[in-house]
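Peer 1: A structural model of the following input is requested.
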Amino acid sequence: MTSSTRSLSALFVFATVSVACAAESVSSSSNVANTTLDVPPSTSDKESASTPLDPDEESGAPTEPYESCPSDRWCSELYAPTWTPDQPATPDGRFLHDFSYAGYRYGARPPASPPGAVYDVVKTYSADPTGKADASSAIQSAITSASSAGGGIVFFPPGTYRVDRSLAIKASGVVLRGSGTSTILRFGRKSGVAHSAHITFAGAVARDSLRTLAADAPERGKDVFLHDANGLDVGDDVSVGFLITPEFVTEHGMEGMWTAFAGKYQSFFRRKVVAVDRSVQPHKVTLDVPLRYPMKVRDGAGLQKETGYLREVGFEHLAVSDAVAWSDAWAEDRVHVVTMSGVADAWVRDVHSVASPGATGQTASDKTPYHLRSNGILIEGSKRVSVLESSMENPQNRGSGGNGYLFEVSRTSEVLIADTVARHGRHNFIQNWGFGNSGTVFLRCTSTGSELLSLIKGKLTPEKAASEHHHSLAMATLVDDCQIDDGFKFENRGAYSDGAGHTGTGSVVWRGAGSGTITSRQYGWGYVIGTSPELKVDTDVDAKTGAGTTPEDFVEGRDDGERLYPPSLYEDQRARRLVQP
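Peer 2: Prediction:
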């Protein structure tokens, strides 16, 4: 079975379960308990013990982890049937992170309909569904009404909606929902959109004062010990981070590279408090999701309480396009269709880019059906977000300056990007800018045709590109059962992008397929486990982008990925967590 076939099959199951869950009444007592719960069942929090998430409401994935390796398959030496999240590393330090927490509500179920009314942009707010008149004001009015009511569904009947102004969602519980690809949002602004998005879901995350660690906290641990945990309660959102000290920079061999963040405090992990014990000294705080990297007192590591996340917001069942005249597309950088910033337990689902009428190419002979002017979907400064069953392709601007990014994450924790297709971007799937990205899972993704356009002798010239980690030590990414027909890179980018340096550590490519190349030159250990015969693997630490990346990353099952079991590391780890008592 090909990766594309597996993706379509999984998509069908996911969609079926999603519809069923969406149709359930929110008045059901069992669903009310599950809907309000925000803690994975494997934690020790009393709330989660009394009202555990129901494993039967998962998204069509296996509910039982594998117990033995099938005779006609092979299983990784690092992921035996007896694997546990805290099993000791091998003598040379190799281990696999627990990626199972990624996604909306820790991946325990697909998003469902929020409580609240339906706000029909045509019937109630007189939006024009023919695409002739600007519908921006009508749509924003519907969003405002839903926001004022505490949430609801802003519904787009079939039609084409011209949107000439940016739209903003700043309240929890608001979902923008179309009728599938028969609902098209066309964004046609020619200018004034650089470094912004046509639709923004914007939380206002604020942090209180730093509570410093009294002891180093190891990676894969959930407990942190603070000098003073007063003011922290179970259920609080928190971030854990540290200063980019000279010692930290030197430890990673990044002198002269990580200058943009030198001496600055960076939030690395967005978490939730599930237990506080002030009876011990120092105080012990237990988090919902394991840490992905050691936290050192040396670097001023600490914890801050957070407030202001948007929750239960979604963007689904829509088609989008914003390609314009070629010159306009190249006049402004980093224009996204939709951005989610400062959100938790949110989703993008069944959103597809489509060709934009009137869009032009570089020359008159360029008949490419362009969909986007620059970028697709951006998730930033957020946690527990799912991007599902979506496709983005054919942006016009694939030049430098942050363009051509189709599915982008930046400074996020536990984001799931599943059953998605990206074609002909510059970097189809990308982690971008800054420290503090961890726990991202790309599940059954398809990446093809990545291409950078560079100005050479006055002419834009195409060069091969790839999906990649782009910046500053992103941690514990999983590329799971993906079709990579161009490339996926983890490497030391050195001074590029304002000193990106090491872009990855502890990340895994699992059961990779396709005709591209996996470049894995990670700081510390990286892992490539199971690849198809056509997929090339490059782990050469002596290459230009391999400086400081010894030991050479772990490779297992080269050319035999089809027989790797289980087919999805994320889904099997999630099944293990959800069946725990």
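
Peer 1: partner strands of the helix or strand containing G241, with direction?
Peer 2: Assigned by DSSP states H and E, G241 falls within strand 237-243. Sheet neighbours of strand 237-243, with direction, are listed as strand 265-277 (antiparallel), strand 302-307 (antiparallel) (DSSP bridges).

Peer 1: output those as CSV; include the columns mean neighbour count.
Peer 2: The C-beta positions use only the backbone N, C-alpha and C, and glycine is treated the same way. Converted to CSV, the strands paired with strand 237-243 look like this (neighbours: other C-beta atoms under 10 Å):
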stretch, mean neighbour count
strand 265-277, 21
strand 302-307, 20
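
Peer 1: right, so of these, which gets closest to V234?
Peer 2: With C-beta to C-beta, the closest approach to V234 among these belongs to strand 265-277: 5.6 Å.

Peer 1: neighbouring contacts of the helix or strand just after that closest one?
Peer 2: Note on strand 265-277: by DSSP H and E, the next helix or strand toward the C-terminus is strand 283-287. Contact with strand 283-287 is made by 43-44, 222-230, 232, 238, 240, 269, 271-277, 303, as judged by C-beta atoms under 8 Å, 6 or more residues apart in numbering.

Peer 1: average pLDDT across the strand holding G241?
Peer 2: Mean pLDDT, computed over strand 237-243, is 98.

Peer 1: which residues are contacting the helix or strand just after it?
Peer 2: Once the chain leaves strand 237-243, the next helix or strand it forms, by DSSP H and E, is helix 246-251. Here helix 246-251 makes contact (C-beta under 8 Å, 6+ apart) with F242, E255, M257, W258, A262, K296, R298, D299.

Peer 1: before we move on, the earlier item: as JSON lines, the strands paired with strand 237-243 with mean pLDDT and distance to A206 would be great.
Peer 2: Output for the strands paired with strand 237-243, formatted as JSON lines (pLDDT from 0 to 100; distance: least, C-beta to C-beta, whole Å):
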{"stretch": "strand 265-277", "mean pLDDT": "98", "distance to A206": "12"}
{"stretch": "strand 302-307", "mean pLDDT": "98", "distance to A206": "5"}
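
Peer 1: element containing the residue nearest to the spatial centre of the chain, please.
Peer 2: For the chain, the residue nearest the mean C-alpha position is V415 (3.5 Å; C-alpha atoms, centre = their mean). Using DSSP H and E, V415 maps to strand 413-418.

Peer 1: for that strand, packing partners?
Peer 2: Contacts defined by 3 or more C-beta pairs under 8 Å, 6 or more residues apart in numbering; DSSP states H and E place strand 413-418 against strand 265-277, strand 383-388, strand 405-410, strand 441-443.

Peer 1: want to throw these into CSV with distance to Y161?
Peer 2: Listed next are the helices and strands packed on strand 413-418 as CSV, based on distance: least, C-beta to C-beta, whole Å:
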stretch, distance to Y161
strand 265-277, 33
strand 383-388, 22
strand 405-410, 22
strand 441-443, 30
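
Peer 1: what about those, which gets the closest to L535?
Peer 2: The nearest among these, by C-beta to C-beta, is strand 441-443 at 14.8 Å.

Peer 1: hmm, who's touching that closest one?
Peer 2: 99, 102-103, 415-420, 429, 477-482, 568, 570-571.

Peer 1: what residues does whatever helix or strand comes next after it touch?
Peer 2: Using DSSP H and E, the helix or strand that follows strand 441-443 towards the C-terminus is strand 446-448. Contacts of strand 446-448 from elsewhere in the structure, counted by C-beta under 8 Å, 6+ apart, are 3-4, 7, 420-424, 428-429, 466-467, 482-488, 514, 516.

Peer 1: ok, and the helix or strand in this protein with the lowest average confidence?
Peer 2: Within the chain, no helix or strand scores below helix 29-36, which has a mean of 27 by mean pLDDT, DSSP states H and E.

Peer 1: hmm, back to that, just the ones of the contacts of helix 246-251 in strands?
Peer 2: Those of the contacts of helix 246-251 mapping onto strands are F242, per DSSP state E.

Peer 1: just to be sure, which of the contacts of strand 441-443 are found in strands?
Peer 2: V415, L416, I417, A418, F429, L478, V479, D480.

Peer 1: beta-bridge partners for the fourth one, please?
Peer 2: Just to be clear, that refers to A418. L388, L443.

Peer 1: can you pull the pLDDT of it?
Peer 2: Per-residue pLDDT puts A418 at 98.

Peer 1: which stretches of the protein have low pLDDT?
Peer 2: Along the chain, the model assigns pLDDT under 70 to residues 1-63, 457, 581.
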